[in-house]
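Student: kindly generate the corresponding structure for this input.
(one chain, ligands or ions: 1)
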Amino acid sequence: MKWSFLGGASEVTGSKHLLDVGMARILFDCGLYQGPRQMAEKLNRNLGFPAATVDAAVVSHAHIDHCGALPLLVKEGYQGPIHCTSATADLLPVMLRDAANIQEADAAYLNQKTNRKGLPQVVPLYTTADAEATFRLIRPHAYDTSIELPGGVKLLHLEAGHILGAAIAKIKIPRHGRDPLKIGYAVDLGRRHLPLLRDPAELTGVDVLILESTYGDRLHDAARNAREDLRQVVTRILGRGGKVMIPTFALERAQEIIYHLASLFASGDLPRVPVYLDSPMANAVSQIFEKNQDILDHEYYELRERTGDSPVTPRWLRFAETVNDSKAITSSKEPSIVLAAAGMCEHGRILHHLKHGIDNPANGVILVGYQAVNTLGRRLQNGEKKVKIFGDDFQVAAEITTLNAFSAHADRLELFRCVYDARPKKLILVHGEQEPRERLAKLVRDRLRIPVDLPNNGDSTEFDDL
Ligand SMILES: [Zn+2]
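Tutor: Numbers count the residues shown, from 1 in each chain. The predicted structure follows:
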């Protein structure tokens, strides 16, 4: 038996793990590396194994850094099942079609340059057709039902509390003349008290725990503060007649913000102003939330009961389907709230809103997600006073606020709590930069006396000591 860490071991993106049990090879997550173009090109072109030798694939959730290389896997010859939860099965087509569009657009853009220089054509990493071929292989399962994998391996998906449909897993691997090895797999662990999602399940009775460590060195503001933090900033901006611009990821964060606004409107804590969702993809994802409402948290139902309206697709929410709809919002001067993609302001319709509103001191931009280095979102977060949008310089006069209560990842104490509850014989920390991984490892070694491994990409283990 061998477990290989092929991606997302010592960084937070490109998760890929391969289990080889002799008779079968099972892939856990197949994510895209997201980062600087050259690095992404190098890491994403090579899966790290022959795709056709894999017998089954399991996907923990629909974030691109966990599922975005599936079309490449299929393009390179994989024909087996892709197991995931039902909600993830609904989300994958939306996410992967979008990813394929980006790959195609990216290649077309690069080819404009290469054509001029007479260089060879850039082939997209995968196409929409490859993505479509992937959808046929998706096998949805309910949470808490045993999934039989090749080689006698059994899998149970439990609630991760991270995004809709996200799962942590218990993996049971048969061993000759011994008890099966039980692995806990939590490579994106969510948080307690997120408004639409049920809390993460406890991973107990596992021999080894493979755990993410994105925020192994940081504490978030409590998720419960999110509503009040949002209320204060939005009230301030609307109070001076400004527009509220919220760059948002289409999956989860957009629905979370809409839920909070629905709650604030219902209680009278916010004046009713027009709210625009300027992201067709977020709109599509919201419909998938409705379809999967049986797995949503009780708070969703309470608010729905109280208002007689959906907290995710409320009647007051105005969609901007076309670019012209989007332009009508940017030209309007009335106080309003605009949610638009992308979450880090690096592309998407949010750029048009920022272009028309960032130089107005009455307006405000609320950052509610992680802002990577070298993105416009990070520059705004850092307080830069002059930024480039579509190649032109703009003065930043609008108020820029970051709300830290919005995070879909467990923080240092929530990760520690997961290990505390699981009490594995060994902890393996992945999905983190070096500093957070080491600091979390130290905490676990010191307090719980549990051995901790910090593998790098390309490493593997045979679990001989367990
Ligand atoms: Zn994730």
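
Student: next to the ion, which bits of this protein? Give me the list.
Tutor: Contact residues (Cβ under 5 Å from the ion) of the chain with the ion: 63, 188. In short, each C-beta sits where N, CA and C put it, glycine included.

Student: again, 6 Å this time
Tutor: Residues of the chain lying close to the ion (Cβ under 6 Å from the ion) are 61, 63, 66, 162, 188.

Student: closest one of the residues you listed to residue 404?
Tutor: residue 162 (17.1 Å; Cβ to Cβ).

Student: who are the contact partners of that closest one?
Tutor: Contact analysis of residue 162 by Cβ atoms under 8 Å, 6 or more residues apart in numbering lists 61, 188-191, 197, 200, 408-409.

Student: repeat for residue 187
Tutor: Residues counted as contacts of residue 187 (Cβ under 8 Å, 6+ apart) are 8, 15, 17, 28-29, 60, 66, 210-212, 430-431.

Student: next, format the contacts of residue 162 as JSON lines and append pLDDT and distance to residue 347.
Tutor: What follows is the contacts of residue 162, written out as JSON lines (pLDDT from 0 to 100; distance: Cβ to Cβ, whole Å):
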{"residue": "61", "pLDDT": "98", "distance to residue 347": "23"}
{"residue": "188", "pLDDT": "95", "distance to residue 347": "23"}
{"residue": "189", "pLDDT": "97", "distance to residue 347": "28"}
{"residue": "190", "pLDDT": "96", "distance to residue 347": "26"}
{"residue": "191", "pLDDT": "94", "distance to residue 347": "28"}
{"residue": "197", "pLDDT": "97", "distance to residue 347": "27"}
{"residue": "200", "pLDDT": "97", "distance to residue 347": "31"}
{"residue": "408", "pLDDT": "91", "distance to residue 347": "21"}
{"residue": "409", "pLDDT": "93", "distance to residue 347": "23"}
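
Student: which one of those is nearest residue 276?
Tutor: For the contacts of residue 162, the nearest to residue 276 is residue 408 (23.2 Å; Cβ to Cβ).

Student: ok, for the closest one, nearest residue in space, not its chain neighbours?
Tutor: Closest residue in space to residue 408, ignoring its immediate chain neighbours: residue 162 at 5.2 Å, by Cβ to Cβ, 6 or more residues apart in numbering.

Student: what's the answer for residue 194, then?
Tutor: residue 223 (5.5 Å).

Student: count of residues packed around that neighbour?
Tutor: Around residue 223 there are 22 other residues, counting by other Cβ atoms under 10 Å.

Student: ok, it to residue 216 distance?
Tutor: Distance, residue 223 to residue 216, using Cβ to Cβ, to the nearest Å: 18 Å.

Student: swap in residue 49?
Tutor: Here residue 49 is placed at a distance of 28 Å from residue 216 (Cβ to Cβ).

Student: quick one, which of the two is more surrounded?
Tutor: Per other Cβ under 10 Å, whichever of residue 49 and residue 216 has more neighbours is residue 216, with 26 against 17.

Student: picking that back up, reformat the contacts of residue 187 as a markdown table; add neighbour count and secondary structure.
Tutor: Rendered in a markdown table, the data for these read as follows (neighbours: other Cβ atoms under 10 Å; DSSP: H, G, I helix; E, B strand; the rest coil):
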| residue | neighbour count | secondary structure |
| --- | --- | --- |
| 8 | 24 | coil |
| 15 | 31 | coil |
| 17 | 24 | strand |
| 28 | 25 | strand |
| 29 | 28 | strand |
| 60 | 27 | coil |
| 66 | 31 | helix |
| 210 | 28 | strand |
| 211 | 30 | strand |
| 212 | 27 | strand |
| 430 | 27 | strand |
| 431 | 30 | coil |
